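Trainee: Structure for this input, please:
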Amino acid sequence: MSRTVKENSTGPSRKTSGITGLLVVILISYFVVGFPDGAFTVSWLGISDEIPGMTTAHTGFILVAYSVTYTLAGIILAKLTKWMKLQTIYFWGLVIMGAGFIGLALSPNFALVAAFIAVYGFGTGIMASSMNSYMAKHFNAGQNNLMHCFWGAGAAFSPIIMGQLMAVLTWRAGYFVITGMLAAVAIILLISMSKKIWIEEDVEAEAQTIQENPRLKTKYLTKKWHQGLEILTFFFLGGTDYTLVFFTGAALVARGHETNESVAIFSAIYYIAMTLGRLFFGWAAKWLRELPIVRIGIVIAVLGIGVLYFTSSVIGMAMTGFGLGPLLPTLVSDTSNRFRPNILSKIVGYELAAFGAGIAVLFFATSQIMHFVSYEALFPLGLAFVILVFACNEILERAVKKNRR
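Mentor: Numbering: from 1, shown residues only. Below is the predicted model:
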């Protein structure tokens with residue numbers, strides 16, 4: 001059955017008027033959340049040429065700076081919801097991201113470059129955690145997958161903007177232009193909030209309804225280890241995604257099957273397939289619930305890693321991206337089926353924080369293992385991370401079924 005908005009048995013049916021307009025605003029605004037990742041891959045070439053003393057080795061420090069503040073943003077989301085609505089937090093995340101872009105465009109040295117990348121990392125984390133929390137509360141897995149498709153489009157579009165402006169001007173001009181686009185989106189958000197098209201939630205009323213209804217009490221997971229395992233799922237997912245797309249090219253070059261130039265197609269195919277995976281499973285969510293989508297995605301990803309390992313074929317990269325693509329938005333959407341509304345923002349914030357931490361920690365760990373053991377270690381490690389995502393999710397699903405029995 002197709003669901004326009006997330007079904008919620010804890011309160012009255014939600015009004016559906018204006019839902020389409022709200023979803024359009026969310027999709028347009030989430031498009032810009034992909035800008036930092038895409039733009040930096042191109043602007044780094046100009047930054048490293050222009051800023052004195054910058055080398056490739058500095059990218060490690062920059063990744064850490066970005067990951068730390070992105071993770072911090074997710075951790076504090078629950079605190080922020082005590083003072084602001086999720087859509088307001090989302091708006092201020094956009095402002096912080098824009099401030100980081102302006103600061104980066106004006107930075108004369110590495111210290112300030114790293115500092116302002118940390119600033120926009122915080123803004124990006126605020127936007128991602130608040131909107132994923134909002135979508136988990138009010139929309140279904142299909143719409144959440146569609147939103148993440150727009151992130152992918154932003155990540156793909158921003159390097160084009162930056163590359164064209166660097167060809168005629170500088171990387172600094174590129175960030176000013178991108179900031180102008182962020183300002184336009186900020187205006188759209190302000191107008192949408194003034195028109196009151198955002199769905200308002202009454203968490204206290206929902207919590208009271210659950211308290212009074214014994215049947216609803218058994219619907220949700222309540223133990224601390226449930227929350228910890230949910231968060232750990234995203235930690236492994238973050239490491240899986242980033243390490244595979246970043247290191248596969250290096251592993252194939254080490255095998256002698258590809259050159260530095262030709263492996264670029266593997267990263268491009270991965271992101272294209274990821275976007276297609278989100279589109280397909282977003283459409284399939286009309287008939288499939290979250291759990292089957294996650295299971296099917298994991299099976300495809302496992303098969304893709306196997307094809308990569310045994311054949312070094314770009315088909316394996318496409319299968320991996322297609323399978324992993326729907327996991328993040330679908331798992332976020334499923335969070336509202338497992339945990340009470342009054343703690344949902346906290347859980348989703350921690351999930352996105354864990355995703356960022358997984359990128360940093362597992363990326364570093366994989367790089368060290370590959371350095372001291374072999375590049376071939378990438379594929380069994382990637383497979384292990386995917387299986388751990390599957391295992392964590394299945395344990396939680398068993399806990400949900402046990403509760404309901």
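Trainee: tell me the secondary structure for the residue lying closest to residue 247 once chain neighbours are set aside?
Mentor: Spatial nearest neighbour of residue 247, chain neighbours left out: residue 378 (5.0 Å); criterion: C-beta to C-beta, 6 or more residues apart in numbering. For every residue, glycine as well, the C-beta is placed using N, CA and C. With DSSP: H, G, I helix; E, B strand; the rest coil as the basis, residue 378 sits in helix.
Trainee: how close does residue 378 get to residue 89?
Mentor: Distance, residue 378 to residue 89, using C-beta to C-beta, to the nearest Å: 37 Å.
Trainee: Same check on residue 172?
Mentor: On the measure of C-beta to C-beta, residue 172 and residue 89 end up 29 Å apart.
Trainee: higher neighbour count, these two?
Mentor: residue 89 (24 against 19; other C-beta atoms under 10 Å).
Trainee: hang on, isn't that one packed against residue 130?
Mentor: Yes. At 4.3 Å, residue 89 counts as touching residue 130 under the criterion of C-beta atoms under 8 Å.
Trainee: Find the residues that touch each one of these two.
Mentor: By C-beta atoms under 8 Å, 6 or more residues apart in numbering, residue 89 and residue 130 have these common neighbours: 77, 80.
Trainee: And the strands in the stretch 51-200 of the chain, which stretches?
Mentor: All residues of the stretch 51-200 of the chain lie outside strands when identified by DSSP state E, counting those that start in this stretch.
Trainee: how about low-confidence regions in it?
Mentor: 53-60 (pLDDT under 70).
Trainee: all helices of it, in order?
Mentor: 58-80, 86-106, 110-138, 141-168, 171-194 (DSSP state H, counting those that start in this stretch).
Trainee: so what's residue 335 up against?
Mentor: If you count contacts by C-beta under 8 Å, 6+ apart, residue 335 has them with 136, 230, 344, 347, 348, 351.
Trainee: Quick check: it vs residue 155, distance?
Mentor: Distance from residue 335 to residue 155, by C-beta to C-beta: 23 Å.
Trainee: and what of residue 325?
Mentor: Distance from residue 325 to residue 155, by C-beta to C-beta: 13 Å.
Trainee: Neighbour count for those two, which is higher?
Mentor: A count of neighbours by other C-beta under 10 Å puts residue 325 above the other of residue 325 and residue 155, at 31 against 21.
Trainee: Do you know the pLDDT at that one?
Mentor: pLDDT recorded at residue 325 is 89.
Trainee: which element is the nearest residue in space to it that is not next to it in sequence on?
Mentor: The shortest distance from residue 325 to any non-neighbouring residue, by C-beta to C-beta, 6+ apart, is to residue 277 (2.9 Å). Assigned by DSSP states H and E, residue 277 belongs to helix 264-284.
Trainee: Of all the residues in the helix or strand just after that helix, which ones are buried?
Mentor: Past helix 264-284, further along toward the C-terminus, the next helix or strand under DSSP H and E is helix 290-311. Neighbour-count burial for helix 290-311, with 16 or more other C-beta atoms under 10 Å as criterion, is recorded at 290-291, 293-294, 297-298, 300-302, 304-305, 307-309.
Trainee: Which other helices and strands does whatever helix or strand comes next after helix 290-311 contact?
Mentor: Downstream of helix 290-311, the first helix or strand assigned by DSSP H and E is helix 314-324. On a contact count with 3 or more C-beta pairs under 8 Å, 6 or more residues apart in numbering; DSSP states H and E, helix 314-324 meets helix 224-255, helix 264-284, helix 290-311.
Trainee: Dump those into TSV; add distance to residue 26 and mean pLDDT as well.
Mentor: Formatted as TSV, the helices and strands packed on helix 314-324 follow (distance: least, C-beta to C-beta, whole Å; pLDDT from 0 to 100):
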stretch	distance to residue 26	mean pLDDT
helix 224-255	21	85
helix 264-284	14	84
helix 290-311	19	93
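Trainee: quick one on the thing from earlier: out of the helices of the stretch 51-200 of the chain, the one nearest residue 372 is which?
Mentor: Between residue 372 and the helices of the stretch 51-200 of the chain, the shortest gap by C-beta to C-beta is with helix 58-80, which sits at 16.8 Å.
Trainee: contact partners of that closest one?
Mentor: With contacts defined as C-beta under 8 Å, 6+ apart, helix 58-80 is touched by 36, 44, 48, 89, 93, 110, 113-115, 117-126, 128-130, 133, 343, 345-346, 348-357, 359-360, 363.
Trainee: So for it, what gets flagged as buried?
Mentor: Within helix 58-80, the residues that qualify as buried are 58, 62-63, 65-78, 80, counting by 16+ other C-beta under 10 Å.
Trainee: any idea how far residue 104 is from residue 51?
Mentor: Taking C-beta to C-beta, one finds residue 51 at 11 Å from residue 104.
Trainee: So which of the two has more stuff around it?
Mentor: A count of neighbours by other C-beta under 10 Å puts residue 104 above the other of residue 51 and residue 104, at 25 against 15.
Trainee: mind listing what the more buried one touches?
Mentor: Here residue 104 is in contact with 113, 116, 117, 120, 175 (C-beta under 8 Å, 6+ apart).
Trainee: picking that back up, now the common contact residues for residue 51 and residue 104.
Mentor: With C-beta under 8 Å, 6+ apart as the test, residue 51 and residue 104 both reach residue 113.
Trainee: Contact partners for residue 142?
Mentor: Applying C-beta under 8 Å, 6+ apart, the residues near residue 142 are 3, 281, 282, 283, 284, 285, 286.
Trainee: For residue 289, see how far away the nearest residue to residue 236 once chain neighbours are set aside is.
Mentor: Using C-beta to C-beta, 6+ apart and skipping the chain neighbours, the partner closest in space to residue 236 is residue 388 (4.4 Å). Residue 388 sits 22 Å away from residue 289, going by C-beta to C-beta.
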